[in-house]
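A.B. asks: could you look at this predicted model? Sequence included:
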Amino acid sequence: MSKIIKGINQIFIYLLLFIFYLAIIGLAKIIYLIFKKRETDDASYWRKPENKELDIFSPY
């Protein structure tokens, strides 16, 4: 009986760790999207260019 309880307890702990891991990943994605939205805001003065090519004819 003790082995069954220990096995169930171990499965429960692994399940809690997995849920905590998914919550951390979800929180990181939300923070990333918030900062990405803030970066690409149209009112932002320092906008990153969409293409990464160098325009040699640009005066800037």
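C.D. replies: That came through fine. Numbers count the residues shown, from 1 in each chain.
A.B. asks: burial count for residue 13?
C.D. replies: By other CB atoms under 10 Å, 10 other residues sit near residue 13. No exception for glycine: its C-beta is placed from N, CA and C like everyone else's.
A.B. asks: the protein: helices as residue ranges?
C.D. replies: Taking DSSP state H as the test, the helices found in the chain are 2-39.
A.B. asks: what residue ranges in it score low on pLDDT?
C.D. replies: The chain contains residues with pLDDT under 70 at 39-55, 58-60.
A.B. asks: again, 90 this time
C.D. replies: 1-2, 33-60 (pLDDT under 90).
A.B. asks: distance-wise, check residue 13 relative to residue 22.
C.D. replies: 15 Å (CB to CB, to the nearest Å).
A.B. asks: would you mark the buried spots in stretch 11-20?
C.D. replies: Buried residues in stretch 11-20, counting neighbours by 16 or more other CB atoms under 10 Å, are absent.
A.B. asks: okay, it in CSV with CA atoms only?
C.D. replies: Output in CSV follows, covering the C-alpha atoms of stretch 11-20 (Å, rounded to 0.1, in the frame of the first residue of the first chain):
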residue,chain,number,x,y,z
ILE,A,11,3.0,11.2,-10.4
PHE,A,12,1.2,14.1,-8.7
ILE,A,13,4.5,16.0,-8.1
TYR,A,14,5.6,15.5,-11.7
LEU,A,15,2.2,16.7,-12.9
LEU,A,16,2.5,19.9,-10.7
LEU,A,17,6.0,20.5,-12.0
PHE,A,18,4.8,20.1,-15.6
ILE,A,19,1.9,22.5,-15.1
PHE,A,20,4.3,25.0,-13.4
